[in-house]
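> structure for the following, please:
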Amino acid sequence: MEEISVLKKLTIVLAASAAALVAATSAGMAQTKLKWAHVYETSEPFHTASVWAAQEIGKRTNGRYAIDVYPASQLGKEADINQGLSLGSVDIIISGSSFAAKSFPPIGVTYYPYTFRDADHLLAYTKSDVFKDLTKGYEDKTGHRIVAVTYYGVRHTSSNRPIKACADMKGLKIRVPDVPAYLAMPRACGANTAPIAFAEVYLALQNGTVEAQENPLTTIEAKKFYEVQKHIVLTGHIVDHLNTIISGGLWKKLSEEDRKIFTEVTQEAAAKATGEIKVNEAKLVDFFKQKGLTVTEVDKAAFRDTVIKTTSFESFDYRKADWERIQAVK
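So this is what the prediction gives:
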């Protein structure tokens, strides 16, 4: 009898071990690997917050998702990773509404110069009905889901030529992303724009292909553009932001519970990065002065007036009514 009892116990142990092995194998097979891409440096909050989010999603889904983050244009330039959402080569990206506007132009109205008063106005917009309407338009057109928004910083101009007024930009060779709204302020002021890829801007400034560029102070610092520029001009022409976008293919596959987790985590990550950007931005004027650059304040109202006089919303396929609704956001 004792031998039978031992045999039974052994059978039970072996059966339990086999079940555990099957469960472990199934869990391993069930893990979904995802790619998260962006064009920013590993030192920037956009990257560190993305890495945190990737790990946090893994934790909150009990390891069902393993997300690898690819920074610094490793999976392609910004236009490439946006296309990658539809091609299935990436699952999640961080990218500006200016690129989303290539699929749904009205969402790009936020890049019309001098739309937002400051970072708080931008963040209030992300909780508004006009934001919901614009993101829904993008999602209906592409299938992709905008789940979070990160403050990117106020875009200013760096140059090797002194600039005190809009007219001083006449004939200036300036690198601007190949996005209509980014071109509006420099072109309204008479500059010659060049659409050089983000990863190639430092070299273009260094070798004189262009003599100026525009970006938030945090990006000018992270990409070390200050090493090859003499002036920081506080044009403040765009209060910029980045969207965290989940591909339509992935969004359709996610359960309601997982959609909630992905949304909550990406929004927490966006808030982390936004806080860091605000703190870093506040320190950088003094940093650039210490590096020997001349920092110039300009009359932003004069720049704004020039843009409004020369640049129509319709020329970008934006809707002036959307812009007016954004202006009304408190």
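
> surely residue 159 is in contact with residue 173?
No: shown here, residue 159 and residue 173 do not form a contact pair, counting by CB atoms under 8 Å, at 9.7 Å. C-beta: built from backbone N, CA, C; applies to glycine.

> which neighbours do those two share?
Common neighbours of residue 159 and residue 173 are listed as 211, 212 (criterion: CB atoms under 8 Å, 6 or more residues apart in numbering).

> neighbour count: the two, which is higher?
Neighbours were counted for residue 159 and for residue 173 using other CB atoms under 10 Å; residue 159 has more, 26 against 18.

> who does that one bridge with?
Taking DSSP bridges as the rule, residue 159 bridges to residue 212, residue 231.

> so for it, what's the pLDDT?
Confidence at residue 159, expressed as pLDDT, is 98.

> what residues are up against it?
Contacts of residue 159 by CB under 8 Å, 6+ apart are 172, 174, 211, 212, 229, 230, 231, 233.

> and these, which two are the farthest apart?
Greatest spatial distance among the contacts of residue 159 (CB to CB): 174 and 230, at 14.1 Å.

> which one's more surrounded, these two?
More neighbours surround residue 174 than the other of residue 174 and residue 230, with 24 against 14 (other CB under 10 Å).

> so the more buried one makes contact with residue 191?
Yes: between residue 174 and residue 191 there is a contact under CB under 8 Å: 4.9 Å.

> and for these two, which residues touch both?
residue 212.

> just to be sure, residue 147 is in a strand?
Yes: Residue 147 sits within a strand when classified using DSSP: H, G, I helix; E, B strand; the rest coil.

> ok, and what's touching the helix or strand harbouring residue 53?
Assigned by DSSP states H and E, residue 53 belongs to helix 45-60. The contact list for helix 45-60, computed with CB under 8 Å, 6+ apart, reads 36, 38, 40-42, 65-69, 71, 94, 150, 152, 242, 261-262, 265-266, 268-270, 272-273, 276-277, 280.

> quick one: buried ones out of these?
Buried members of those, scored by 16 or more other CB atoms under 10 Å, are 36, 38, 40, 65, 67, 69, 71, 94, 150, 152, 242, 261-262, 265-266, 269-270, 272-273, 276-277, 280.
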